[in-house]
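Asks: what's the 3D shape of this:
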Amino acid sequence: MTSTTYEKPLPIIDPGTKPFWDAAKEHRLSIPHCKACGKHHFYPRELCPHCHSDDLEWTDVSGKGEVYSFTIARKPAGPVFAADVPYIIAMIKLDEGPRMLTNLVVSDVETVQIGDRVAVKFDDVTEDITLPKFTVVEA
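Replies: Numbers count the residues shown, from 1 in each chain. Reported below is the predicted structural model:
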């Protein structure tokens, strides 16, 4: 956790996403899994987007996947992001199937390629909020 006040926008935790954020705080990546069709999905919602069942459970996943798509932000989205540019916003395809929009934390943004293997990396930004981000790993 950082020792200074975190000034960037934080997620609003509601009952539908609380299990996700609780798991992240424990450095676990947990996403909804449909008991009816057997598929995982992300973002959290009350019905399975594959079969429309409401028979869902939260399951921990590997936190591994690959870069599906990405963009390099070279202009800050506001003053609080100025020190971060350039940074990568990426669509990660988890090994379990779903895609997640997230930050990809790398030392050189110019080296990232679609298909790069990635793993989750948790960032304890406040006492209550941990953000799952991803980093490139060896294949």
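Asks: which SSE is the nearest residue to Lys133 once chain neighbours are set aside in?
Replies: For Lys133, ignoring the flanking residues on the chain, the nearest one in space by CB to CB, 6 or more residues apart in numbering is Asn103 at 4.4 Å. Yep, even glycine has a C-beta here, placed from its N, CA and C like the rest. Applying DSSP states H and E as the criterion places Asn103 in strand 99-104.
Asks: what angle do the next helix or strand after that strand and strand 99-104 make?
Replies: Counting by DSSP H and E, the next helix or strand C-terminal to strand 99-104 is strand 117-124. Taking axes from the mean of the first three to the mean of the last three CA atoms, to 10 degrees, strand 117-124 and strand 99-104 form an angle of 70 degrees between their directions.
Asks: and strand 117-124, what does it pack against?
Replies: strand 64-73, strand 130-136 (3 or more CB pairs under 8 Å, 6 or more residues apart in numbering; DSSP states H and E).
Asks: nearest to Gly16, out of those strands?
Replies: Gly16 lies closest to strand 130-136 among those, at 16.9 Å (CB to CB).
Asks: now do that closest one: distance to the chain's middle.
Replies: Centroid displacement of strand 130-136 relative to its chain, using CA atoms, centre = their mean, to the nearest Å, is 6 Å.
Asks: and stretch 122-139, by the same measure?
Replies: Here stretch 122-139 is found 8 Å from its chain centre; the criterion is CA atoms, centre = their mean.
Asks: how close does the residue of the chain most remote from its centre sit to Thr71?
Replies: No residue in the chain sits farther from the centre than Ala36, which is 24.7 Å out by CA atoms, centre = their mean. Taking CB to CB, to the nearest Å as the measure, Ala36 falls 35 Å from Thr71.
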